[in-house]
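# this is a predicted model, with the sequence first.
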Amino acid sequence: MKFEIEFDAIAAISTSPGVGAISIVRLSGADALKIADRIFKARIKPSSMKSHTIRFGSVISDQETIVDQVLLTVMRAPSTFTGEDTVEINCHGGQVAARLILKNLIHNGARAAEPGEFTKRAFLNGKLDLTQAEAIDDLIHARTDSAGLLAVKQLAGHLSKYVHNLRQGLLEIASRIELAIDFSEEELDPYNPEQIISLLTETKRAIQLIIGNIERGRIIKEGASVVICGKENVGKSSIFNALLTKKRAIVSSIPGTTRDVIEDSVNISGVPLRLFDAAGIRQNTDNEIEDEGISRSRRAVQEADLVLFVLDQSQNIDREERELYQYVKGYPHMVVCNKIDLISSGAHVLPIEPDVVFVSVSALTGQGIDDLTQAIAQWIARNDPHFFDRAIAGNFRQETCLQQALESIRLSICSLREGNPPELAAVDVQAAIRSLGEVIGVVSHEDVLNSIFEKFCIGK
């Protein structure tokens, strides 16, 4: 799909606001060098500089006063980020100099750039595809080293390569179906629906694998939510504090101390975890505030990626606790037996499935906390040693397009198996091709692009 591209010069401050040694003002567009000539004073004009060279000089106001002494870099099209003539001005840090230079550029013909407009131009000029453009935003907002490395891999075309190859394969399948439709009476290679089904099935499996790897990437990028729950006074808040390695939640021997769900963050194995200390879940409290806390705890369990169900090994397990576990076991969970520094009651009999992880700890002494951290790390990686290598930094938009392609392929396979005319399967295969094209931006609507790039920083 073609778009109307405005090649007017745009300018913005690319560095973050605040105090720093250097600020950068970026200028891009067809008239970038002419505008730079009007504001930059040195022994040579920017328009006469060779590409990818730097010159020291001064930015001059309309009143011929020096705004700042700067380093100016000229990068000529097409060998630039945007694919256009680009000028970057390194001025002194802080907001005053950069703001005055930007104001001067705008006064001399540039336009203030919209959020993400430099990256949008790079996409529209074919310097990167849509997944690579979105990876830039992921890199900027990465909270851990693992998330940053994942974004860099995406920026290098990790997902693009897979999707491009799958799309090319579908185009070849579509051409074989179209050949059967257009030349059904000619003496060409016979049309073999089973062979087409086999190829489509392989493509379907490949897309399913990508979607699974995007889920891995989601956990690395966004983190996982881990809820610590159990009956009152089993040491949930103590475990919460031990995992955070700080005293975040109030610890007391009084049942019902935690009345709300407390949230904090911790980094485990390069993955940010949102850790929740849920109020003790029990019945018949006769306390409206505690009842609301218990209700919120149940909602937190329902929405969690992982539940840590905490037991007190010094106490017998009662009926209420067994019923609570029956509720929790319907969600991804592991069982944590706390207070192993105390004498065991010897009555810890729960109907725990063999594949459920069971960890014994003492939040008071710290014994077993490292084992618990390791168990959570293994759960994050799904016990897969290649978890981080296979992860893909996808997003909801990309995954939605892949799901749509998957559904179209499923429909085409069903149509072929039912013996329907090849025209019907061809329609679904073309729909899958369009969906894969939307992932990398080969096929995109302008409003979709606007919604993507408007989330970027100004100056990027």
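Looks like it arrived, so ask away.
# tell me how this structure divides into domains.
Domain assignment for the chain by the TED database gives 10-128, 141-219+395-441, 224-252+260-381.
# got JSON lines for those domains, with distance to L449 too?
The C-beta positions use only the backbone N, C-alpha and C, and glycine is treated the same way. Shown next, in JSON lines, are these (distance: least, Cβ to Cβ, whole Å):
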{"stretch": "domain 10-128", "distance to L449": "7"}
{"stretch": "domain 141-219+395-441", "distance to L449": "8"}
{"stretch": "domain 224-252+260-381", "distance to L449": "29"}
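# and E194, what element?
Element membership of E194, judged by DSSP states H and E, is helix 193-222.
# after that helix, which helix or strand is next?
Per DSSP H and E, the helix or strand that comes after helix 193-222 is strand 224-229.
# what comes up buried for that following strand?
224-229 (16 or more other Cβ atoms under 10 Å).
# on that earlier part again, which one of the domains of the chain has the poorest average confidence?
Among these, domain 224-252+260-381 has the lowest mean pLDDT, at a mean of 81.
# ends of that domain, how far apart?
One end of domain 224-252+260-381 sits 11 Å from the other (Cα to Cα, to the nearest Å).
# same question for stretch 25-34.
16 Å.
# what of stretch 147-163?
21 Å.
# now do that stretch: distance to the chain's middle.
How far stretch 147-163 lies from its chain's middle: 11 Å, per Cα atoms, centre = their mean, to the nearest Å.
# how about it: buried residues?
Buried residues in stretch 147-163 (16+ other Cβ under 10 Å): 147-151, 153-155, 157-160, 162-163.
# adding distance to V359 as columns, could you present those in TSV?
Listed next are these as TSV, based on distance: Cβ to Cβ, whole Å:
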residue	distance to V359
A147	26
G148	30
L149	29
L150	28
A151	32
K153	33
Q154	34
L155	38
G157	41
H158	35
L159	36
S160	41
Y162	37
V163	40
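# among these, list the two that are farthest apart in space.
The distance between the two most remote of the buried residues of stretch 147-163 (Cβ to Cβ) is 22.2 Å, for G148 and V163.
# of the domains of the chain, give the one that comes closest to D389.
domain 141-219+395-441 (9.4 Å).
# and the closest one, how far out from the chain's middle?
Worked out by Cα atoms, centre = their mean, domain 141-219+395-441 lies 22 Å from the chain centre.
# offset the numbering so it begins at 324, please.
With 324 as the first residue, the last one maps to domain 464-542+718-764.
# quick one on the thing from earlier: closest one to A748 out of the buried residues of strand 547-552, please.
A547 (39.8 Å).
# thinking that closest one is in contact with E626, fair?
No. A547 lies out of contact with E626 (Cβ atoms under 8 Å); the separation is 11.6 Å.
# one step back: looking at the buried residues of stretch 470-486, which are in helices?
Per DSSP state H, helices hold the following members of the buried residues of stretch 470-486: 470-474, 476-478, 481-483, 485-486.
# pairing partners for the helix or strand hosting V682, with directions?
Using DSSP H and E, the element containing V682 is strand 681-683. Within its sheet, and counting by DSSP bridges, strand 681-683 is paired with strand 656-661 (parallel).
# where along the stretch 524-673 of the chain do the strands fall?
547-552, 585-591, 594-600, 629-635, 656-661 (DSSP state E, counting those that start in this stretch).
# which residues does the second one contact?
It stands for strand 585-591. With contact meaning Cβ atoms under 8 Å, 6 or more residues apart in numbering, strand 585-591 is reached by 467, 546, 560, 563, 566-568, 571-572, 595-600, 696, 699-700, 703.
# which of those residues are buried?
467, 546, 560, 563, 566-567, 571-572, 595-600, 696, 699, 703.
# identify the residues contacting R740.
R740 neighbours (Cβ under 8 Å, 6+ apart): 516, 520.
# re the thing from before, reformat the strands of the stretch 524-673 of the chain as TSV; add distance to G417.
Compiled in TSV, the strands of the stretch 524-673 of the chain are given as follows (distance: least, Cβ to Cβ, whole Å):
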stretch	distance to G417
strand 547-552	39
strand 585-591	31
strand 594-600	31
strand 629-635	45
strand 656-661	50
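# out of these, nearest to F446?
Of all the strands of the stretch 524-673 of the chain, strand 594-600 comes closest under Cβ to Cβ, at 28.4 Å.
# starting at the chain centroid, how far to that closest one?
17 Å.
# likewise for stretch 386-399?
Counting by Cα atoms, centre = their mean, stretch 386-399 comes out at 37 Å from the chain centroid.
# residues contacting that stretch, please?
Residues contacting stretch 386-399 (Cβ under 8 Å, 6+ apart): 356, 359, 362-363, 365, 369, 372-384, 404, 408-415, 420, 423-424, 427.
# sort out for me which of those residues are in strands.
363, 376-383, 409-415 (DSSP state E).
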